[in-house]
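Student: Got a sequence here, can you model it:
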Amino acid sequence: MTEDLNKRNKQEWIESAAVLKAEPYEIAGALFDCADCDLLSRAEVEQRLDAYLHPVKEAPASTPVKPEVPQVKKAKEETPNDNSKG
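Tutor: A predicted model of the protein is given here:
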């Protein structure tokens, strides 16, 4: 029951953004997919805020990921340098 008392709705979290040391627009962005009436705990909001501010970079779906192949250097073949005209 105590846990329910510590939950707030989306608008209340946006208005109290300073508690999380964030800007209201950052909280709004982090909670964009939550319904206005959803009750969220501080831990849930902090987790969403962290994910919003520090997204994981993923490779675009259209670009295939190429595995790294070690480069093998070929030995140069020596060719005679004959610049003499004769």
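Student: any low-confidence regions in the protein?
Tutor: Along the chain, segments meeting pLDDT under 70 span 1-4, 59-67, 69, 79-86.
Student: in it, which spans are helices?
Tutor: 2-5, 10-15, 24-30, 42-53 (DSSP state H).
Student: how close does the residue nearest in space to the middle of the chain sit to E78?
Tutor: Nearest residue to the geometric centre of the chain (C-alpha atoms, centre = their mean): P55, 1.7 Å. Separation of P55 from E78 (C-beta to C-beta, to the nearest Å): 53 Å. Quick note: C-beta positions are derived from backbone N, CA and C, even for glycine.
Student: burial measure for A22, as a count.
Tutor: By other C-beta atoms under 10 Å, the residues close to A22 number 21.
Student: And for the one 3 residues further on?
Tutor: Counted with other C-beta under 10 Å, the neighbours of Y25 add up to 10.
Student: Check L31 too.
Tutor: 22.
Student: quick one: the nearest residue to it once chain neighbours are set aside and E58, what's the gap?
Tutor: In space, and not counting its chain neighbours, L31 is closest to K10: 5.1 Å by C-beta to C-beta, 6 or more residues apart in numbering. Applying C-beta to C-beta, the value for K10 to E58 is 27 Å.
Student: In terms of packing, which of the two has more residues around it?
Tutor: Counted by other C-beta under 10 Å, K10 and E58 do not tie: K10 has more neighbours, with 20 against 6.
Student: Verify the stated contact: that one with D36.
Tutor: Yes. With contacts counted by C-beta atoms under 8 Å, K10 reaches D36, the gap being 5.2 Å.
Student: distance of the closest residue to E46 other than its chain neighbours from C37?
Tutor: Leaving aside its sequence neighbours, E46 sits nearest to L20 (C-beta to C-beta, 6+ apart; 6.4 Å). As judged by C-beta to C-beta, L20 and C37 stand 20 Å apart.
Student: Look at those two and report which has more neighbours.
Tutor: A direct count of neighbours by other C-beta under 10 Å for L20 and C37 places L20 higher, at 15 against 8.
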